[in-house]
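Student: Compute the structure for the input listed below.
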Amino acid sequence: MAFINNIHINRPTGHYIGQVRAYGRQKWKTITEECSTMEHALACAAEWMHTQHRLRVLFIDDSGYYEPNIIFEGSR
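Tutor: Numbers count the residues shown, from 1 in each chain. Next comes the predicted model:
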């Protein structure tokens, strides 16, 4: 009996964006440009937390095949 093992390694290329949302609102506001690291997008979004209630960082795949992925989400 032979087993075939296929390994698929997914390493998408893309960028991060930071978004904020006020208390009671439903729509997110993008406040950063394309960031190369999650930490940079998070730091830029954290600067807006004095006027906002929630923040999140999204990973955007450059190929357009995958949907945006939520990497970090936080609130005050």
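Student: which one is residue 74 nearest to, not counting chain neighbours?
Tutor: residue 55 (5.5 Å; CB to CB, 6 or more residues apart in numbering). Every residue, glycine included, has its C-beta placed from N, CA and C.
Student: May I have the beta-bridge partners of that neighbour?
Tutor: residue 20, residue 74 (DSSP bridges).
Student: give me the number of residues near it?
Tutor: As a burial measure, residue 55 scores 24 neighbours (other CB atoms under 10 Å).
Student: distance of it from residue 20?
Tutor: Relative to residue 20, residue 55 is positioned 5 Å away (CB to CB, to the nearest Å).
Student: And for residue 42?
Tutor: Noted for residue 42: a distance of 11 Å to residue 20, by CB to CB.
Student: tell me, what's touching those two both at once?
Tutor: residue 55 (CB atoms under 8 Å, 6 or more residues apart in numbering).
Student: Those two: who's more crowded?
Tutor: residue 20 (22 against 19).
Student: Tell me who's in contact with the more buried one.
Tutor: Residue 20 neighbours (CB under 8 Å, 6+ apart): 28-29, 31, 45, 48-49, 52, 54-55.
Student: In ChimeraX, how would I select just the buried ones from the residues you listed?
Tutor: Selecting the buried subset of the contacts of residue 20 in ChimeraX, with 16 or more other CB atoms under 10 Å as the burial test, is done by:
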select :28,31,45,52,54,55
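Student: burial count for residue 44?
Tutor: 19.
Student: cool, and residue 34?
Tutor: 11.
Student: Need the pLDDT of the residue nearest to it when sequence neighbours are not counted.
Tutor: Of all residues not flanking residue 34 in the chain, residue 15 sits nearest, at 4.0 Å (CB to CB, 6+ apart). Listed pLDDT for residue 15 reads 94.
Student: For beta bridges, what are the partners of residue 15?
Tutor: Note on residue 15: beta-bridge partners residue 60, judged by DSSP bridges.
Student: which element is residue 44 on?
Tutor: Per DSSP states H and E: residue 44 is located in helix 38-46.
Student: wait, isn't residue 29 in contact with residue 17?
Tutor: No - at 10.9 Å, residue 29 and residue 17 do not qualify as touching, with contact defined as CB atoms under 8 Å.
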